[in-house]
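K.L.:
next comes the sequence, and after it the predicted model I'd like to discuss.
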Amino acid sequence: MNWLEVTVKTTPDDVEALSERLTDLGVEGLVINDEASIREFLDDNPTAWDYVDDDVFSALGDASSVQLYLSDDEEGRLKLQALQEALPEYAFSVKTVRDDDWLNNWKKYFKPIEVGARFLIVPEWEPVPETDRIVLRIDPKHTFGNGGHATTRMCLEAAERYSAKNVLDLGCGSGILSIGALLLGAERALGFDIVPDAPSICRDNCAINNIEEGRLTVVVADVLAKGILEKYAGDSRFDLVFSNVGADFNIALLQIIAPFVAPGGVLLCSGIIDAREDEVRRAIEGAGFTVLETMREDGWSAFAVRVG
């Protein structure tokens, strides 16, 4: 099915009023592009982002816009005409998009990737090439974790060096790190993510890798919230902890993670932009932990940390 992607240009001061008028005209599912809103979101979620490219804001310039989608048929075009007539003071731009433009176009760029010395990451929709590597099949859908990003690769490479039976995966996304550890010989993994359908996505990815049901459990929760780890991890102690989220998250995690790491266990702190490497290292050492190794790739850093 085709859709009309309609962009209505406005100003930052008017974006809220325009959104209300469009809602009153029966439009649902508005997408607001506004620098002030983006900055407010970033300020309200400091542990979610270490770095935002200036291009995000320069692309907006001084303008704001509201986007909406209408079916590309007679009904949709009549609706568009009615909106233009009701809002003559605004400039409308329209382009046609397809469902598979949103959902599937990115897949053509995702090909099998060799990671570390042992892994071959293969998209679920690609044939598996002949290989003596461990094949890790993945369909990340809209979650993070397809193996292509340096932060994920460093974690998988480190997992080859630090054996584990019990794994904790914080910000598990598609489940790629937990599944990698399970394929390397871990017995169980517990994952956390704030994406509501992360459990089903991870379950599907376990199935395509022949990981038995129950070996990976995924909880939708903020692990930094008081009592969450205690509630779901209980008395479990983990030999390997993945924390591929960001500098602020890792710094906060250092204050609560020690009771959940087994003696001799390793915490992998990743997702750290290189400009904040020294800051995170100081936090690790300030918590009384030991940096076993520092990994760097494509402007990102990661630490293997001995806890306790």
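P.N.:
Received the coordinates, thanks. Keep in mind it's a predicted model, so treat the numbers as computed, not measured.

K.L.:
use CA for all of it now, contacts and neighbours both
P.N.:
Fine.

K.L.:
list the buried residues of stretch 298-307.
P.N.:
Buried residues in stretch 298-307, defined by neighbour count with 16 or more other CA atoms under 10 Å: Trp300, Ser301, Ala302, Phe303, Ala304, Val305, Arg306, Val307.

K.L.:
actually stretch 227-237, not the one I typed
P.N.:
For stretch 227-237, the neighbour count (16+ other CA under 10 Å) marks Leu229, Tyr232, Ser236, Arg237 as buried.

K.L.:
distance check, the third one against Pro129.
P.N.:
Read it as Ser236. Between Ser236 and Pro129 the distance is 38 Å, computed by CA to CA, to the nearest Å.

K.L.:
sorry, back to before: now, which of the buried residues of stretch 298-307 sits nearest Val27?
P.N.:
Ranked by distance to Val27 (CA to CA), the buried residues of stretch 298-307 are led by Trp300 at 41.5 Å.

K.L.:
the strands in the chain, which residues?
P.N.:
2-10, 31-33, 64-71, 91-98, 113-115, 119-123, 134-138, 166-170, 188-193, 216-220, 238-244, 261-273, 290-297, 300-306 (DSSP state E).

K.L.:
so which of these is the most surrounded?
P.N.:
strand 166-170 (a mean of 27; mean count of other CA atoms under 10 Å).

K.L.:
can you state the direction angle for that strand and strand 188-193?
P.N.:
On the basis of axes from the mean of the first three to the mean of the last three CA atoms, to 10 degrees, strand 166-170 is oriented at 10 degrees to strand 188-193.

K.L.:
so what are the sheet partners of strand 166-170 and their directions?
P.N.:
Partners of strand 166-170 in the sheet, by DSSP bridges, are strand 188-193 (parallel), strand 238-244 (parallel).

K.L.:
could you check how far Gly26 is from Ser19?
P.N.:
Using CA to CA, Gly26 is found at 11 Å from Ser19.

K.L.:
higher neighbour count, those two?
P.N.:
Under the criterion of other CA atoms under 10 Å, the comparison of Gly26 against Ser19 puts Ser19 first, with 20 against 9.

K.L.:
who are the contact partners of Lys79?
P.N.:
By CA atoms under 8 Å, 6 or more residues apart in numbering, Lys79 lies in contact with Leu70.

K.L.:
which residues in this structure form helices?
P.N.:
Applying DSSP state H to the chain gives helices spanning 15-24, 35-44, 54-58, 74-86, 99-103, 150-161, 176-184, 198-208, 228-233, 247-253, 277-286.

K.L.:
looking at these, which one has the lowest mean pLDDT?
P.N.:
Mean pLDDT per stretch puts helix 54-58 lowest among these, at a mean of 52.

K.L.:
the strands of the chain: which one's closest to Ala150?
P.N.:
Ala150 sits nearest to strand 290-297 of all the strands of the chain, at 5.9 Å, using CA to CA.

K.L.:
that closest one pairs with which strands, and in what direction?
P.N.:
Here strand 290-297 is paired, per DSSP bridges, with strand 300-306 (antiparallel).

K.L.:
relative to Met1, how far out is the closest residue to Asn2 other than its chain neighbours?
P.N.:
Spatially, and ignoring its direct neighbours in sequence, Asn2 is nearest to Arg98 (4.4 Å; CA to CA, 6 or more residues apart in numbering). For Arg98, the distance to Met1 equals 6 Å [CA to CA].

K.L.:
now render the strands of the chain as CSV, adding distance to Asn205.
P.N.:
CSV is the format used below for the strands of the chain (distance: least, CA to CA, whole Å):
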stretch, distance to Asn205
strand 2-10, 30
strand 31-33, 30
strand 64-71, 31
strand 91-98, 26
strand 113-115, 17
strand 119-123, 10
strand 134-138, 6
strand 166-170, 15
strand 188-193, 13
strand 216-220, 10
strand 238-244, 18
strand 261-273, 22
strand 290-297, 26
strand 300-306, 25
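
K.L.:
can I get the ones you listed in TSV with mean pLDDT?
P.N.:
Below are those laid out as TSV (pLDDT from 0 to 100):
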stretch	mean pLDDT
strand 2-10	91
strand 31-33	83
strand 64-71	91
strand 91-98	90
strand 113-115	92
strand 119-123	93
strand 134-138	95
strand 166-170	97
strand 188-193	96
strand 216-220	97
strand 238-244	97
strand 261-273	95
strand 290-297	96
strand 300-306	96
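
K.L.:
please identify the deepest-packed of the helices of the chain.
P.N.:
helix 176-184 (a mean of 24).

K.L.:
tilt between it and strand 238-244?
P.N.:
150 degrees.

K.L.:
roughly how far is stretch 158-166 from the heart of the chain?
P.N.:
Distance of stretch 158-166 from the chain centroid (CA atoms, centre = their mean, to the nearest Å) equals 22 Å.

K.L.:
that's all I had, so thanks and see you.
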